[in-house]
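>>> here is my input; please provide its structure:
(chains A, B and C)
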Amino acid sequence: MPLGGILFIAVFVILFGCLMLFLASKAGKRVYDPVKFEAYECGIPAQEKKDTKISVKFYLTAILFIIFDIEIIFMYPWATTFRDFIQSGQGLFVLTSMFIFLLVFIYGLFWEVKSKALEWD
Amino acid sequence: MSTDAILFWILAFMTVSSALTVVLITNPIYCALSLALTMVGVSALFVTLNAYFLAGVQMIVYAGAVLVLFVMVLMLFDLKHELQAFTRGKMTGALKLASIGLLAGLIAGAILMSNGILLTKSEAFTSPDMASDTTKQLGHLIFSQYLFGFEALGVLLMVVAVGAVALSRSKGGTHAKS
Amino acid sequence: MGQDTFQITVNCIKLVLVFLMMVQAVPILVWLERRGSAFIQNRLGPNRVGPLGLMQLLADAVKFLTKEEFFPAGGVKFLYYAAPVAALVPATLAFAAIPMSAPVHIDPFEMFGKNWGPYTFFWQGFEINVGIVYILGVSSLGAYSILMAGWGSGNKYSLLGALRASAQIISYELALGLSIVGIILLYGTFNLGEMIAAQQGLLHFQFLGHTVESTWLPNWGIFYQPLAAVIFFAATFAESNRLPFDLAEGEAELVAGFHVEYGGFKMLLFFIGEYGHMMVAAGLMTTFFFGGWSIPGVSYESVYQWAQGAAATNSGASLLAGLIHFLVWTVKFAIFLWIFIQVRWTLPRFRYDQLMDLGWKTMLPWALGNTIITAIVLLIAHS
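Now for the predicted structure:
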């Protein structure tokens, strides 16, 4: 795996981005106006930021995402080796054990849909 | 020094310094972001050990999912309040001392235990066939030796999902439902 | 890593070229998008600056550069400036791993009084054995730049837009990851190059003792995994925050989403990131389902033999064949980019609950069903 190449291009891109920001900061003319620097709020004075109440659904989505993501990740090694298992005659066994895993997955998804955890109103 | 060694030292420096930033900086958001950087560094270190799939999982699960959740949650707190709670008070001081002791013990223990390992050559740990395709080997292991653990993990993850849903709809707070 | 100076130099130049290709494609795509949308909406679009309005690209770049530098009062300086730079990195790293053409074999030659051994160069930024996992992992870092921008701007709309965008991205990543399982089952590998190699030739497979062979259809993944293709393509729309999934910047309610407070070049960097995600999606679509760089009906060997007649050396022939395949890849790639633009100007925006319902309750179960059916069919066909 070309780790060096990945590091090289990552550093290069970051430097490129910084250069762009630097150039842009030098090129444009500036006119100072205190109103300009207020947070954009369609013309009315900005409300305080900490008043923002965020729905707990966002966290729930993120947590459920992590859980399903891990389950999906576990399917990847299965998917790469499944043909080998079929060749060695273990295909049915491996498929059944994967299905048991998937059954739990499907049941979890079904339960979440049924308990309205995924409803956005 | 070979290129591999140079790469390792760059990555190790990056990982350790971002891990130190997590502990030393007081702003929780920067902590979470540098923890994400630490995870990326760890996954790059996995790559130097030929554990490609593990590196990918480290990226997808930790850097891409768990820490995104952390950052998302932290961005919605009143951070100044949290800052004070973490830096003042006798309780925190005692906790700090205890953690320093624990960390020192961990480091000393790790050095003592790895004493023999560090001196032996690294060839003992990487057999040639291990470097070839670790993903397939992992797949074979999951469906032979660790099958029960694999199925139990599925159940465990579902329990976690149920717990998260139950917590999110517990009463009290600003988002209680009925 | 067992490479000599020549190889390292070529690889570094190649990486920079891939990155520049991505950056250069953005103004062209913006122009195409504006002209295309005008074409779809029965108007003219930019046509004053240069022929067909092509110089509009340059004019836009100059305009972006000379815009006033601006920092909102309530913002966090480091995050505000780091976010646009961070938006570039995941897209570039992922795009560099997509194979664009057949590998080029260079015979030994002499230069600077030294012998340089035979080389094999891949027509991509870097060749990675676990290509898909790498691309998924790297592009999942895209959520950070959005969150950083949303929080760093110190604006309510930015924060809401960033939250929506990241919730949407992670929701569709599930369907995306699950549709890829079917593809991995089909090819049995993570390696993108091997996937393309498996799609060479004409459509042929064995099922229940019968051998099915087509006389003209290419052996492309789309014929084996049509459902996965649809789910994958739809999920990539959501991943790159494009219409009909651009809830992150729903103008009616959020002004412009997480980049409300950005302007000028910083905005442009976000643009490059977004279009970069589009390009990664289009590249993956060609690789997974449409044979990558392979030409339907023409094998690599025949192209190589023709090139041997046209070029003097074997290295030249290999390079020429690689160039031809690169052009074919570009055509396929461009078609998908055009579909991205066409869809944007055809479909209306979803509502947020519809978006989440589609991701979790429709695409996820369908992708799951696709995986199960693929596994069963594989078991029947191969045992």
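>>> only C-alpha atoms from now on, for both contacts and neighbour counts.
Noted.
>>> what is the burial count for B:Met59?
By other Cα atoms under 10 Å in any protein chain shown, the residues close to B:Met59 number 28.
>>> residues from chain B in reach of chain C?
For chain B, the contact set with chain C under Cα under 8 Å from any Cα of the partner chain comprises B:3-4, B:52-53, B:56-57, B:59-60, B:63-65, B:68, B:71-72, B:75.
>>> which of these has the weakest pLDDT?
Minimum pLDDT across these is recorded for B:Thr3, with 73.
>>> against chain A, how distant is that residue?
Distance of B:Thr3 to chain A, given as Cα to the nearest Cα, to the nearest Å: 9 Å.
>>> then C:Trp220?
If you go by Cα to the nearest Cα, the gap between C:Trp220 and chain A works out to 19 Å.
>>> now, the residues of chain B next to chain C that are in strands?
Using DSSP state E, no member of the residues of chain B next to chain C sits in strands.
>>> nearest to C:Tyr352 among those residues?
Nearest to C:Tyr352 among the residues of chain B next to chain C is B:Met72, at 18.3 Å by Cα to Cα.
>>> who's in contact with the closest one?
By Cα atoms under 8 Å, 6 or more residues apart in numbering or on different chains, the residues touching B:Met72 are A:59, C:147, C:163.
>>> helix or strand for C:Gly369, which one?
Element membership for C:Gly369 (DSSP states H and E) is helix C:364-382.
>>> hmm, that helix touching chain B?
No: using Cα under 8 Å from any Cα, helix C:364-382 never reaches chain B; the gap is at least 15.2 Å.
>>> what about B:Gly56, distance to C:Phe190?
11 Å (Cα to Cα, to the nearest Å).
>>> what touches both of those two?
Contacts common to B:Gly56 and C:Phe190, judged by Cα under 8 Å, 6+ apart, are C:Val133.
>>> make sure C:Ala86 is indeed in a helix.
Yes: read with DSSP: H, G, I helix; E, B strand; the rest coil, C:Ala86 is one of the residues of a helix.
>>> would you agree C:Pro108 is in contact with C:Lys114?
No: C:Pro108 is beyond contact range of C:Lys114, at 10.5 Å (criterion: Cα atoms under 8 Å).
>>> tell me which of those two has more neighbours.
C:Pro108 (12 against 8).
>>> how about the lengthiest helix in chain A: buried residues?
If you go by DSSP state H, chain A has its longest helix at helix A:57-87. Neighbour-count burial for helix A:57-87 flags A:57-83, A:85-86 (criterion: 16 or more other Cα atoms under 10 Å in any protein chain shown).
>>> check what pLDDT the closest residue to chain B within chain A gets.
Going by Cα to the nearest Cα, chain B is nearest to A:Pro77 of chain A, at 4.6 Å. Per-residue confidence at A:Pro77 stands at 87 (pLDDT).
>>> got it, and A:Lys49?
pLDDT at A:Lys49 comes out at 56.
>>> residues making contact with the helix holding C:Gly369?
By Cα under 8 Å, 6+ apart, helix C:364-382 touches A:83, A:86-87, A:91-92, A:95, C:174-175, C:178-179, C:181-182, C:185-186, C:206-208, C:227-228, C:231.
>>> what does the stretch 1-150 of chain C put close to chain B?
By Cα under 8 Å from any Cα, the residues of the stretch 1-150 of chain C that approach chain B are C:1, C:130, C:133-134, C:136-138, C:140-141, C:143-144, C:147.
>>> give me the mean pLDDT for the helix or strand that contains B:Leu103.
In this structure, B:Leu103 is located in helix B:90-113 according to DSSP H and E. Averaged across helix B:90-113, pLDDT comes to 86.
>>> likewise stretch B:34-41?
In the prediction, stretch B:34-41 has an average pLDDT of 91.
>>> for stretch C:298-316, buried residues please.
Buried residues in stretch C:298-316 (16+ other Cα under 10 Å): C:300, C:303-304, C:307-308, C:314-316.
>>> do stretch C:97-110 as well
C:97-106.
>>> cool, and stretch C:11-27?
C:11-12, C:14-16, C:18-19, C:22-23, C:25-27.
>>> one step back: filter the residues of chain B next to chain C down to the ones in helices?
Per DSSP H, the residues of chain B next to chain C map to helices at B:3-4, B:52-53, B:56-57, B:68, B:71-72.
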